[in-house]
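Trainee: Turn this into a model:
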Amino acid sequence: MIPRVIDLVMRNKEAARRRAEVVPAASGRVLEIGIGSGLNLPFYSRGVQRLFGVDPSADLLNMTRRKIEGLPFPVELLHQSAEELPLDDRSIDTAVATWVLCSIPDPLRALQEIRRVLKPDGRMLFIEHGLAPDDRVRTWQQRLNPVWRRLSGGCNMNRQTDDLLRRAGFQIAELENFYLEGIPLLTYTYEGIAHPA
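Mentor: Numbering: from 1, shown residues only. You can find the predicted model right below:
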């Protein structure tokens, strides 16, 4: 049931608008972690040579499988978590992560794996929600996160994406922070581009 709820929640107009801004910049050999139900697929450009989509949910991957026919590039779906990627070192041009780092059990390890498979001049495009800078919002995020994580299938509302990226060995080239429409606890956004340091 949770995969279908995730798919439904992530179909909102605001999320689609952000995807349309970020995802078309992906090119070459692309890795998308947390490909989920394939909501990013319509936004990839013809600059993609091949897409590797990683997700631990078989149900979500089945939803994605129904959407890949007719795409102008091959798609390989990998049923697993992102902490161990079956890809060669320095083999990926662009990594894409949209609203996924919140639910990966070990996000630091996953980011280190992404850094391993990215080419030295590769880049990571990201849109993530996480820890807010406002004391009141942040306090409630920390307080409610244990309950939220259990109710939401593992989503954490209090991860700080920029800090995780730097700790994993990335240099952030562009970063925008803002609240999307909705509940502030869940909508503080980190959006940008990072490169292997």
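Trainee: Tell me what I127 is bridged to.
Mentor: Residues in a beta bridge with I127, per DSSP bridges, are T98, E191.
Trainee: residues contacting it?
Mentor: Contact analysis of I127 by C-beta atoms under 8 Å, 6 or more residues apart in numbering lists 18-19, 22, 97-99, 189-191. To be clear about C-beta, it is placed using only N, CA and C from the backbone, and glycine gets the same treatment.
Trainee: Mind picking the two most distant members of those?
Mentor: R19 and Y190 (14.8 Å; C-beta to C-beta).
Trainee: so who does the residue most central in space within the chain touch?
Mentor: What sits nearest the mean C-alpha location of the chain, by C-alpha atoms, centre = their mean, is A97, with 2.2 Å. For A97, the contact set (C-beta under 8 Å, 6+ apart) comprises 32-34, 114, 124-128.
Trainee: now do 10 Å
Mentor: Contact partners of A97, counting by C-beta atoms under 10 Å, 6 or more residues apart in numbering, are 22, 31-34, 82, 104, 107, 110-111, 114, 124-128, 161, 165, 194.
Trainee: give me the element T94 is part of.
Mentor: Here T94 sits within strand 92-98, counting by DSSP states H and E.
Trainee: can you tell me how far the residue lying farthest from the centre of the chain sits from Y44?
Mentor: Going by C-alpha atoms, centre = their mean, the residue of the chain most distant from its centre is R136, 26.1 Å out. As judged by C-beta to C-beta, to the nearest Å, R136 and Y44 stand 38 Å apart.
Trainee: How about the contacts made by the closest residue in space to Y190 that isn't next to it in sequence?
Mentor: Leaving aside its sequence neighbours, Y190 sits nearest to T161 (C-beta to C-beta, 6 or more residues apart in numbering; 3.8 Å). Applying C-beta under 10 Å, 6+ apart to T161 gives the contacts 97, 101-102, 107, 111, 126-131, 172, 175, 177, 188-192, 194.
Trainee: All set, thanks.
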